[in-house]
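Q: Kindly generate the corresponding structure for this input.
(one chain, ligands or ions: 1)
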Amino acid sequence: MKPEVMIDIETLGLPENLPGNAVIAVVEIAAIKFDGNGILDQLHMFPSEGNGSIDENTVAWWIKQCRIPAWVDARDRGLDKPIVDCLSSLSEFCQGAESIWTRKPFDLDVLKNQYLIRQMYQPWSHKTRRDLYTLAEEVGAPKLHNENPHDAMPDCAVQVNQLIECRKILRGAA
Ligand SMILES: [Mg+2]
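A: As a prediction, the model looks like this:
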């Protein structure tokens, strides 16, 4: 069985607050490669500032969070890198994956615009993209606890676990 990839990103904007074709600023990208036996590999990146549009509502939302976001800490420690490097690494990481998952379509929509504006290869197609939110709602999967929400790597790990739960429910119902 081919591996699958789960992606989660954090941004400084939401599509509903910006023009439809906006390239939204991405501050954190996490990806986990997995198969039926568990996690195979992971990728965690912090794109440098200035890679897209930001909106005031989203910035205000980050300010109201009661801890320093992982991406702010990473930038303070110089762990960020150019968005083109992050997008290339993500493309490479996704090579050979059977399906590319996110919690909601939003994440891949944002990344798609980032790839498009830079004329870079986007590592999924309309046939390989999947969204967990719809599946979890449909099968009635329990919400899983996340100690560090809005930090992309813990979010991504919880999403992989929730997908596994969804599949268990589906197998049980079959
Ligand atoms: Mg997240």
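Q: Test my guess that Asn146 contacts Cys156.
A: No - counting by Cβ atoms under 8 Å, Asn146 stays clear of Cys156, with 10.3 Å between them. Any C-beta I mention is one placed from the backbone N, CA and C, and that applies to glycine too.
Q: Out of the two, name the residue with the larger neighbour count.
A: More crowded of Asn146 and Cys156, by other Cβ atoms under 10 Å: Cys156, with 26 against 15.
Q: Let me know whether that one touches Ala30 as I believe.
A: Yes - at 4.2 Å, Cys156 counts as touching Ala30 under the criterion of Cβ under 8 Å.
Q: and the residue of the chain nearest the ion?
A: In the chain, the residue that lies nearest the ion is Asp155 (3.6 Å; Cβ to the ion).
Q: doesn't Pro149 make contact with that residue?
A: Yes - applying Cβ under 8 Å, one finds Asp155 in contact with Pro149, separated by 6.6 Å.
Q: Between those two, which is the more surrounded one?
A: Shown here are Asp155 and Pro149; by other Cβ under 10 Å, Asp155 has more neighbours (21 against 10).
Q: what pLDDT, on average, does the strand or helix carrying the more buried one get?
A: Asp155 belongs to helix 152-173 when assigned by DSSP states H and E. Computed over helix 152-173, the mean pLDDT rounds to 93.
Q: Same question for stretch 111-124.
A: Mean predicted confidence for stretch 111-124 is 96.
Q: how long is it end to end?
A: 11 Å (Cα to Cα, to the nearest Å).
Q: contacts for that stretch?
A: 7, 9, 21-24, 26, 29, 51-52, 83-84, 87-88, 90-91, 93-95, 97, 100, 108 (Cβ atoms under 8 Å, 6 or more residues apart in numbering).
Q: Apply the buried test to those residues and list what passes.
A: 7, 9, 22-24, 26, 29, 51-52, 83, 87-88, 90, 93-94, 97, 100, 108 (16 or more other Cβ atoms under 10 Å).
Q: Residues of this structure that sit close to the ion?
A: Neighbours of the ion within the chain, by Cβ under 5 Å from the ion: Asp8, Asp155.
Q: So Gly50 lies in a helix, does it not?
A: No - assessed with DSSP: H, G, I helix; E, B strand; the rest coil, Gly50 is coil; it does not lie in a helix.
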